[in-house]
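[1] starting from these lines, generate the structure:
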Amino acid sequence: MQTVTCAYCGLPFKTRGNANARMEQTHFCCTGCAMLARVPVDEKGQFPVNAQLVSMLATGFLYFNQLLFWLLAVLLAMQDKAGASARFYWLCAGAALVTWAAIAFIQWRERAARAADFVALAIALAAHAWVLAGALLAGAGATALPRAWPPAIANAALIAWTMRGIMRGRKKK
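    Modelled structure (predicted):
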């Protein structure tokens with residue numbers, strides 16, 4: 001294990017293999033640093049739209065919709081509209097899985113994920129599977145409702161873990 005520093009935030013971390021043999025290769029501590037390093041910013045602070053920005057915005061949009069479906073399901077349940085509420089709970093569960101898949105795709109595309117990132121992905125997926133399995137084993141389709149809070153917390157933690165380099169900011173040159 002060699003200690004290298006993140007090319008974006010400057011955080012030292014350990015990596016496998018011979019880092020000296022790959023010195024021309026830049027290293028990033030997390031996917032957030034890898035994505036931000038690939039967003040070109042000019043002297044005025046302007047930046048063009050690129051794949052990294054679009055994927056971050058799309059993931060945020062998916063997570064927002066997951067929370068929105070949950071809120072709508074709760075509000076409909078409070079109005080005694082069980083059928084519509086159940087549909088929104090299932091939409092929330094679907095949006096949670098799509099959000100997880102978007103995060104996994106971003107980590108795969110940026111090629112900055114380490115073992116801890118894959119463990120975080122597995123834990124979040126296990127939370128989704130636990131909720132969906134519980135709902136499917138409890139009864140038939142519309143009457144069995146998936147719980148919305150475990151996937152919401154799992155996705156929030158996964159987004160925070162994946163983008164943790166954004167909070168540290170760029171290292172001073």
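[2] could you find the closest non-adjacent residue to residue 104?
    residue 121 (5.7 Å; CB to CB, 6 or more residues apart in numbering). No exception for glycine: its C-beta is placed from N, CA and C like everyone else's.
[3] helices and strands around the helix or strand in which that neighbour is found, which ones?
    Taking DSSP states H and E as the criterion, residue 121 maps to helix 115-138. When contacts are defined as 3 or more CB pairs under 8 Å, 6 or more residues apart in numbering; DSSP states H and E, helix 115-138 sits against helix 82-110, helix 149-162.
[4] name the residues of the first one that are buried.
    In terms of neighbour count (16 or more other CB atoms under 10 Å), helix 82-110 has its buried residues at 85-93, 95-100, 102-104, 106-107, 110.
[5] could you do the shortest one as well?
    Taking 16+ other CB under 10 Å as the basis for neighbour counts, the residues of helix 149-162 that come out buried are 150-152, 154-155, 158-159, 161-162.
[6] need these in CSV (columns: pLDDT and distance to residue 135).
    As requested, those are exported to CSV (pLDDT from 0 to 100; distance: CB to CB, whole Å):
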residue, pLDDT, distance to residue 135
150, 91, 11
151, 93, 11
152, 93, 15
154, 95, 15
155, 96, 17
158, 95, 21
159, 94, 23
161, 91, 26
162, 89, 26
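[7] residue 147: how many residues sit nearby?
    Residue 147 has 17 neighbouring residues, counting by other CB atoms under 10 Å.
[8] whoops, I mixed them up, residue 3
    9.
[9] pLDDT weak spots in the protein?
    17-25, 139-145, 172-173 (pLDDT under 70).
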